[in-house]
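In: structure for the following, please:
(2 chains)
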Number of protein chains: 2
Amino acid sequence: MTTQFDQVSVITKANVYFDGKCISHTVLFADGSRKTLGVIFPSSLTFSTGAAERMELNAGTCRVRLEGETEWKTYTGGQSFDVPANAKFDIETLELLDYVCHFL
Amino acid sequence: MTTQFDQVSVITKANVYFDGKCISHTVLFADGSRKTLGVIFPSSLTFSTGAAERMELNAGTCRVRLEGETEWKTYTGGQSFDVPANAKFDIETLELLDYVCHFL
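Out: Okay, the predicted model is just below:
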């Protein structure tokens, strides 16, 4: 679990999605990559990806169903899950989810 | 208005206050100073400071009453207000407030 990123840039303005159910801040790395640090409040949401991404969970628990799959999988703090590019996934959070989103 | 901080470290885990009404991420600077990037959802809250701080507003509108004052002052995106160390202030937000908190 990564607790801190060093030698990065951060965008001061928050990203607000789903009427505030998801809030994140963007981190830019020297190699041109970026990540977002965020939270998802208890909700049932459907996200769409652009780039492929890895959702690394700092805290909380969620159930996730990737597009085209029928099975829901449960992830909790310390775990992560990957989502392909240009895909959708359903996510249900029952408590505040704290995450790092790595764009792959 | 500062849109980006460069050559900083960020803490990946969010700070959650007031049952999620206030969410922030901590940014650490090479000189040892720190700031937080955050949002406050519509609410009426009372914050307590440790260090003195400057609240710089990226977006949104709030009414603020510093401890010991009777007057409420209104601040909006592009403005900022200062709070002394070891003080309290009441803040009312009617729409999502996006801020940078500078610890002075």
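In: could you name the helices and strands sitting against the helix or strand containing A:Phe81?
Out: A:Phe81 belongs to strand A:80-83 when elements are defined using DSSP states H and E. Packing partners of strand A:80-83 (3 or more C-beta pairs under 8 Å, 6 or more residues apart in numbering or on different chains; DSSP states H and E): strand A:53-59. (Each C-beta comes from the backbone N, C-alpha and C, glycine too.)
In: need the distance between the two termini of stretch A:73-89.
Out: 11 Å (C-alpha to C-alpha, to the nearest Å).
In: what residues does chain A put near chain B?
Out: Residues of chain A lying near chain B by C-beta under 8 Å from any C-beta of the partner chain: A:2-14, A:16, A:20, A:23, A:25, A:27-28, A:37-39, A:41, A:58-59, A:96, A:98, A:100.
In: ok so, going back, who does the strand holding A:Phe81 pair up with?
Out: According to DSSP bridges, strand A:80-83 forms sheet pairs with strand A:53-59 (antiparallel).
In: now the partner strand: mean pLDDT?
Out: On average, the pLDDT along strand A:53-59 is 97.
In: now what about that strand, what contacts it?
Out: A:1-2, A:75-83, A:96-104, B:12-14 (C-beta atoms under 8 Å, 6 or more residues apart in numbering or on different chains).
In: tell me the buried residues in that strand?
Out: Within strand A:53-59, the residues that count as buried by 16 or more other C-beta atoms under 10 Å in any protein chain shown are A:53, A:55-59.
In: can you redo those as CSV with distance to A:Ile91?
Out: As requested, the buried residues of strand A:53-59 are exported to CSV (distance: C-beta to C-beta, whole Å):
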residue, distance to A:Ile91
A:Glu53, 12
A:Met55, 8
A:Glu56, 14
A:Leu57, 11
A:Asn58, 15
A:Ala59, 15
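In: and of those residues, the nearest to chain B?
Out: Nearest to chain B out of the buried residues of strand A:53-59 is A:Asn58 (C-beta to the nearest C-beta; 4.7 Å).
In: in what helix or strand does the closest residue to the closest one other than its chain neighbours lie?
Out: Using C-beta to C-beta, 6 or more residues apart in numbering or on different chains and skipping the chain neighbours, the partner closest in space to A:Asn58 is A:Asp98 (4.1 Å). According to DSSP H and E, A:Asp98 maps onto strand A:97-103.
In: strand partners (parallel or antiparallel) of that strand?
Out: When pairs are called by DSSP bridges, strand A:97-103 turns out to pair with strand A:34-40 (antiparallel), strand A:53-59 (antiparallel).
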